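[1] After the sequence you'll find the predicted model.
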Amino acid sequence: MPRPSVVEQNPIREAIAADRPGLVSMLESIQRLRRGLIGYPMRPPDQATPDYVAELFRLIDEQDGLVLVYDIQGQVAGFVAGFVARDGDVNAEPDFRDYAMISDVFVRTNLRGLGIARALLADFEARMAKRGVKHLRISSKVKNEGATLAWERLGFDPYETVFVKSIATPDEGAS
């Protein structure tokens, strides 16, 4: 696939059914990265991705979601997926509680650094703004430092950190 100029005629469009195999492949790549960074509790892509794809597309269908793809000559070079969500924190301002959750962003490895993710996110933001959404959220695993840096460069501010601790159940403690 040739390296594009992101200032070409806008190659961003809504995903269609024919894009699904490419999207699934990219979601598997994301899961491989997560599993490589974290290990347990991340499931192998062949186990996790089918469940995740079903859940993602359910959320997109039910929660005013959107999948945009960056199309280069009929090939999906990257994508962004997200949906409208509501934060359960009643202490937050009402307009902050309704937001667009960006669930996934991916650009093929050989096309990174060209501004494709930036273009996808800008288009996603513009479309969500037209729907009345005032805030975007995106998350990344703490060990994915590259993603954290990218989101900060793209104007996102850290908002909340989730801590995890494993505990032994009574039957695990018995010998």
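    Noted; the coordinates are in hand.
[2] In its sheet, which strands sit next to the longest strand seen in the chain, and in what direction?
    Determined from DSSP state E, the single longest strand within the chain is strand 75-86. Each strand paired with strand 75-86, and its direction, by DSSP bridges: strand 66-72 (antiparallel), strand 98-107 (antiparallel).
[3] could those go into TSV alongside mean pLDDT and mean neighbour count?
    The C-beta positions use only the backbone N, C-alpha and C, and glycine is treated the same way. TSV is the format used below for the strands paired with strand 75-86 (pLDDT from 0 to 100; neighbours: other C-beta atoms under 10 Å):
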stretch	mean pLDDT	mean neighbour count
strand 66-72	96	21
strand 98-107	97	21
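[4] Same list (the ones you listed) but as JSON lines, adding distance to Ile38.
    Converted to JSON lines, the strands paired with strand 75-86 look like this (distance: least, C-beta to C-beta, whole Å):
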{"stretch": "strand 66-72", "distance to Ile38": "25"}
{"stretch": "strand 98-107", "distance to Ile38": "16"}
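[5] Figure out how far the longest strand of the chain is from the centre of its chain.
    Here the centre of strand 75-86 is set off from its chain's centre by 6 Å, with C-alpha atoms, centre = their mean, to the nearest Å.
[6] Which residues in it does the neighbour count mark as buried?
    For strand 75-86, a neighbour-count test (16 or more other C-beta atoms under 10 Å) marks 76-85 as buried.
[7] Beta-bridge partners for Asp98, please?
    Residues in beta-bridge contact with Asp98 (DSSP bridges): Arg86.
[8] and Val107, what does it touch?
    70, 77-78, 114, 116-117, 120 (C-beta atoms under 8 Å, 6 or more residues apart in numbering).
[9] got the contact list for stretch 43-62?
    So stretch 43-62 is contacted by 23-24, 27-29, 31-32, 35, 42, 65-67, 81-83, 103-104 (C-beta under 8 Å, 6+ apart).
[10] any idea how far the spatially most central residue of the chain is from Val53?
    What sits nearest the mean C-alpha location of the chain, by C-alpha atoms, centre = their mean, is Asp104, with 1.3 Å. Asp104 is 10 Å from Val53, where distance means C-beta to C-beta, to the nearest Å.
[11] Cheers, nothing more for now.
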